[in-house]
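Undergrad: Have a look; sequence and predicted model below, questions after that.
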Amino acid sequence: MSLLSPLLIISYEPDERLNLSNLATGLGYSDAHIVIGGISDAVAALNSRTVSPDYLIIDIGNHSHEIFADLDELAQHCEAKVRVVVIGSVNDINFYRELRSRGVAEYCARPAKISDLRSVLMQSYENNKTAKTSSRKGTVISCISAASGDGASTFAVNLAYCLAEEFNESTVVIDMDYQFGLIAKSLDLTAPFGIRELFDYQERGVDDLLVEKMQVKYGNNLSIISAPHELRQLPNIRPELIRDLISLLRTKFRFVILDIPHIWTGWTATSLTYSDQVVMVAQLWLRSLTHSSRLLAAWQSMGLSQDNISLVINRSGAKFKEAITAQDFERISHRKIEAYLNNDIKAVVNAEAHGKTLFEIGQNTILQQQIRQFSQLVMMRSGLINKSEIMNTPNISSGGRKNLLGFLAKKDG
């Protein structure tokens, strides 16, 4: 808990402290100032702070009859800029209207969804940022492997390159694998700075100068924020640091690609919750299926929108001892496979040997076409192209599986 945290949570229910603490962490505020008690405790908490909160969440439980007088009292001790969200058990339109008339940004019925609260808080954060910088809001895409080694990093960097250089969209890819990230090395880049500048010196916070310092250019429209060259102990990364980084980058780039390491922590969860799209890269083998099911269950419990998750099967067509069918993968994971990536090890190795992306090695392979097609899907979801502009290309060399147009037609139907 911090008296300097931008988020202050007030709860009338003493048994809700743990739930609210988990809620705050999911929102990216692990240091949230949480106060349990009534209006006098809330006023005392506000007066004890040296800095006014940006956001105030009030969990009233069943105490709806008290809230209006309490809001009037709190207004005497809050700055006008504070964005207020109320959580409660009442489900009544007149109650909602009365709250809104008093300046409450939103009312969420219990149990409150992290995704709903995040949308309200992010809207306020981005309004403040864009007033000072730009009105642009970029699309944030997180790429994560279902199991270690499933190929999310290779997919992320090639997706980023395709969006940047083939579709001329300003793009940044962040290698968030602090210990074992190799994106810069795979592109033969010397990056003196990178994500270490943020993770190792968290007390400095995130600003324009730091973001500019961390980047290294690759091509005309692509920037890379690399992982450290040397192996280092992973610091205790504050989730709110990731939230601020994402929020700032999306005002500067049309696409922000996050390469998320295969670990499960508060800050990796925050990376996903503040993403517009999440791509889980898996293979048709047992451990990928097992881990993907666990990840999907965790994401659902934390309020991640299922509509924003894409399941991509990598190295499609490979023959493994423990291989399973695509149908079994979908049935057990309860997710439709959205795209397949061809098992073109030769092209991947050739690109890495030359320190380039797949799109720079001079071969229009099926794997390139599949990533290009997925890039078009990303652009369609971002409102940059329409469905008719997505190319009709098979997703695997052996054929027999529907391409993205077929998948979209099925979803729309």
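TA: All right, it came through fine. Numbering: from 1, shown residues only.

Undergrad: mind giving me the domain split of this protein?
TA: Domain assignment for the chain by automatic domain parsing gives 7-132, 139-412.

Undergrad: okay, those, which one's buried deepest?
TA: domain 139-412 (a mean of 19; mean count of other C-beta atoms under 10 Å). In short, each C-beta sits where N, CA and C put it, glycine included.

Undergrad: quick one: average pLDDT of that domain?
TA: Taken as a whole, domain 139-412 has a mean pLDDT of 88.

Undergrad: Now do the strands in the stretch 101-250 of the chain.
TA: Listed in chain order, the strands of the stretch 101-250 of the chain (DSSP state E, counting those that start in this stretch) span 106-109, 139-145, 171-175, 215-218, 222-225.

Undergrad: Return the distance of residue 108 relative to residue 88.
TA: 8 Å (C-beta to C-beta, to the nearest Å).

Undergrad: quick revisit: tabulate the strands of the stretch 101-250 of the chain (TSV), appending distance to residue 365.
TA: What follows is those, written out as TSV (distance: least, C-beta to C-beta, whole Å):
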stretch	distance to residue 365
strand 106-109	48
strand 139-145	20
strand 171-175	21
strand 215-218	21
strand 222-225	20
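
Undergrad: right, so of the ones you listed, which gets closest to residue 294?
TA: Comparison of these against residue 294 by C-beta to C-beta identifies strand 139-145 as nearest, at 12.4 Å.

Undergrad: could you give the angle of that closest one to strand 171-175?
TA: 30 degrees (axes from the mean of the first three to the mean of the last three C-alpha atoms, to 10 degrees).

Undergrad: Can you tell me what sits against strand 139-145?
TA: 151-153, 155-156, 159, 246, 249-250, 254-262, 268, 271-272, 274-282, 295, 378, 381-382 (C-beta atoms under 8 Å, 6 or more residues apart in numbering).

Undergrad: Among these, which are located in helices?
TA: 152-153, 155-156, 159, 246, 249, 268, 271-272, 295, 378, 381 (DSSP state H).

Undergrad: Just name the closest of these to residue 102, please.
TA: For those, the minimum distance to residue 102 (C-beta to C-beta) is 31.3 Å, reached by residue 246.

Undergrad: Leaving out chain neighbours, which residue sits closest to that closest one?
TA: residue 274 (4.7 Å; C-beta to C-beta, 6 or more residues apart in numbering).

Undergrad: Verify the contact between that neighbour and residue 121 for me.
TA: No. Residue 274 lies out of contact with residue 121 (C-beta atoms under 8 Å); the separation is 10.2 Å.

Undergrad: Tell me which of the strands of the stretch 101-250 of the chain sits nearest to residue 344.
TA: strand 139-145 (17.9 Å).

Undergrad: partners of that closest one, with directions?
TA: Using DSSP bridges, strand 139-145 pairs in its sheet with strand 255-259 (parallel), strand 277-282 (parallel).

Undergrad: how far is that strand from where the chain is centred?
TA: 6 Å (C-alpha atoms, centre = their mean, to the nearest Å).

Undergrad: same question, stretch 190-201
TA: Stretch 190-201 sits 20 Å away from the centroid of its parent chain (C-alpha atoms, centre = their mean).

Undergrad: just stretch 48-61 next, same as before
TA: 25 Å.

Undergrad: residue contacts, the residue lying closest to residue 222 once chain neighbours are set aside?
TA: Leaving aside its chain neighbours, residue 222 sits nearest to residue 164 (3.7 Å; criterion: C-beta to C-beta, 6+ apart). Going by C-beta under 8 Å, 6+ apart, residue 164 touches 170-171, 219-222, 255.

Undergrad: ok, so of these, who is nearest residue 114?
TA: Nearest to residue 114 among the contacts of residue 164 is residue 255, at 23.9 Å by C-beta to C-beta.

Undergrad: right, and that closest one touches residue 161 too?
TA: No. Checked against C-beta under 8 Å, the pair residue 255 and residue 161 is beyond contact range at 11.0 Å.

Undergrad: Overlap of the contact sets of those two?
TA: Residues touching both residue 255 and residue 161 comprise residue 171, with contact defined as C-beta under 8 Å, 6+ apart.

Undergrad: one step back: could you take the contacts of residue 164 and lay them out as JSON lines, with extra columns for distance to residue 44?
TA: Compiled in JSON lines, the contacts of residue 164 are given as follows (distance: C-beta to C-beta, whole Å):
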{"residue": "170", "distance to residue 44": "47"}
{"residue": "171", "distance to residue 44": "48"}
{"residue": "219", "distance to residue 44": "55"}
{"residue": "220", "distance to residue 44": "56"}
{"residue": "221", "distance to residue 44": "52"}
{"residue": "222", "distance to residue 44": "51"}
{"residue": "255", "distance to residue 44": "45"}
